[in-house]
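In: with the sequence up front, the predicted model follows.
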Amino acid sequence: MDIRSFDSEYVEKNLDMPGCVELMEDTLLKLHRGGFEQYLRTGQPMPGGNIIAFMPAFCFDGYFGAKILSVFPKNSRDGFPSHQGQILIFDGEHGELKALVDATSVTKIRTGAVSGAASKYLARKDSKILALLGAGEQAESHLKAISGLFALDEVRVWNHNKSKAESFCGAHRAIAGGAVLKAADSAEEAVRGADIICTLTPSKEPVVKYEWIKPGAHINAVGACTKDARELDTETVRRARFFCDSVESVMAEAGDYVIPMNEGAFGKEHLVGTLGQLFAGEIEGRTSDEDITIFESLGLAAEDLAAAKYLMDK
């Protein structure tokens, strides 16, 4: 059995951000139209607050597979990615394992790409100021995706450790598309007046408050991916038009939505729909320039498999 292996160097070289944004649009549209069987991820808690996760999906184009991932939220302190693992691709006819693809690099790029696609449809076209809350591996990915889609003037970066935000700004000016990068003293300073806000933290408590948010802003909520974690306060979610990658995943995993829903702030009907529905033109995105929009990004195996299959074919 010939099993091919694709490392992070191959992924970084061959999965460019503009191409991945387009690939993720196509993938989420295909998922909505029944091209994938998408299953809920399972996460097994481990000692130290860490998780091992299993994310499977089946594609009706003739392949299936899963991403197996370790999630170590405190890794950034030691210079390691928080998410590490492998994507396994199997042949859909006989179940033969065909390839292993580095999951860390794929996850980083495709997550930014999905947020880029969401911003393309939900953010105001004249967006000029980007706020990145968090200065880890996802901050780079989101900067690449969004600066490639919008003519940004300013990028504000906040991190609990300001020196890390300052280092990020110094290291990534070349990919900011001419925008000025600034390390913010607080999350509030980063968010006030921002047109696009990306929350990229493992926070258990909200890092964004409604009173800071500019009318018409778009938020990509990326960091919180369990029912007991949230980056947005209740009022932000209640006042916004809320979109997701998967309704089932939101109800099972998204503390940003489930916590305020359980508080009685709104019901399941508050969720407008998925990006796949939006891309298909079946639901409306923003209804006015004053709308606050949220995309809750939980990450799907279909996205990982599509990226891995693209790399394998290439």
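Out: It's in. Numbering: from 1, shown residues only.

In: who's the residue lying closest to residue 118 once chain neighbours are set aside bridged to?
Out: Computed as Cβ to Cβ, 6 or more residues apart in numbering, the closest residue to residue 118 that is not its neighbour in sequence is residue 295, at 3.8 Å. Using the backbone N, CA and C atoms, a C-beta is placed for each residue, glycine as well. Here residue 295 sits in beta bridges with residue 220, residue 243, going by DSSP bridges.

In: tell me the confidence at residue 295?
Out: Predicted confidence (pLDDT) for residue 295: 98.

In: which SS class is the spatially most central residue of the chain?
Out: The residue at the geometric middle of the chain, judged as the C-alpha nearest the mean C-alpha position with Cα atoms, centre = their mean, is residue 111 (3.9 Å). Assigned by DSSP: H, G, I helix; E, B strand; the rest coil, the conformation of residue 111 is helix.

In: what of residue 87?
Out: On the three-state scheme (three-state DSSP), residue 87 is labelled strand.

In: low-confidence ranges in the chain?
Out: Across the chain, residues meeting the criterion (pLDDT under 70) sit at 1.

In: so which residues of it form helices?
Out: Ranges of helices within the chain are 8-14, 17-32, 103-122, 137-147, 162-171, 187-191, 234-239, 247-253, 255-262, 275-279, 301-313, based on DSSP state H.

In: tally up the residues packed near the residue nearest to residue 118, please.
Out: 26 (other Cβ atoms under 10 Å).

In: before we move on, what about residue 161?
Out: Every residue meeting other Cβ under 10 Å relative to residue 161 is counted, giving 11.

In: residue 167 versus that one, what's the distance?
Out: In this structure, residue 161 and residue 167 are separated by 9 Å, where distance is defined by Cβ to Cβ, to the nearest Å.

In: any shared contact partners between the two?
Out: Taking Cβ atoms under 8 Å, 6 or more residues apart in numbering as the contact criterion, the residues that touch both residue 161 and residue 167 are residue 135.

In: list the contacts for residue 122?
Out: Counting by Cβ under 8 Å, 6+ apart, residue 122 makes contact with 218, 243, 278, 285-286, 293, 295.

In: my guess is residue 12 contacts residue 105. True?
Out: Yes - at 5.6 Å, residue 12 counts as touching residue 105 under the criterion of Cβ atoms under 8 Å.

In: which of these two has more neighbours?
Out: For residue 12 versus residue 105, neighbours defined as other Cβ under 10 Å are more numerous around residue 105 (24 against 14).

In: which residues touch the more buried one?
Out: Listed by Cβ under 8 Å, 6+ apart, the contact set of residue 105 reads 8, 11-12, 15.

In: for ChimeraX, write a command that selects the buried ones of the residues you listed.
Out: The ChimeraX command for the buried members of the contacts of residue 105 (criterion: 16 or more other Cβ atoms under 10 Å) is given here:
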select :11,15
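
In: okay, the contacts of residue 105 in CSV with distance to residue 118 next?
Out: As requested, those are arranged in CSV below (distance: Cβ to Cβ, whole Å):
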residue, distance to residue 118
8, 25
11, 22
12, 23
15, 18
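
In: out of the contacts of residue 105, which comes closest to residue 49?
Out: Nearest to residue 49 among those is residue 8, at 25.2 Å by Cβ to Cβ.

In: how much space between that closest one and residue 81?
Out: When distance is defined by Cβ to Cβ, residue 8 is 10 Å away from residue 81.

In: now do the shared contacts for those two.
Out: Between them, residue 8 and residue 81 share these contacting residues under Cβ under 8 Å, 6+ apart: residue 104.

In: follow-up on the earlier one: most neighbours, which of the contacts of residue 122?
Out: Counting neighbours by other Cβ under 10 Å, the top entry in the contacts of residue 122 is residue 218, with 29 neighbours.

In: wait, what's in contact with that one?
Out: The neighbours of residue 218, taking Cβ under 8 Å, 6+ apart as the test, are 118-119, 122-124, 127, 195-197, 286, 292-295.

In: and which of those residues is nearest residue 52?
Out: Taking those together and measuring to residue 52 by Cβ to Cβ, the closest member is residue 295, at 26.6 Å.

In: how far away is that closest one from residue 217?
Out: Separation of residue 295 from residue 217 (Cβ to Cβ): 12 Å.

In: equivalent analysis for residue 102, please.
Out: The gap separating residue 102 from residue 217 is 34 Å, by Cβ to Cβ.

In: repeat that for residue 181.
Out: For residue 181, the distance to residue 217 under the criterion Cβ to Cβ works out to 19 Å.

In: what's the answer for residue 64, then?
Out: Following Cβ to Cβ, the distance that separates residue 64 from residue 217 is 38 Å.

In: just residue 246 next, same as before
Out: With distances taken as Cβ to Cβ, residue 246 is found 24 Å from residue 217.

In: which one's more surrounded, the two?
Out: It is residue 217, of residue 246 and residue 217, that has more neighbours when counted by other Cβ under 10 Å, with 26 against 23.
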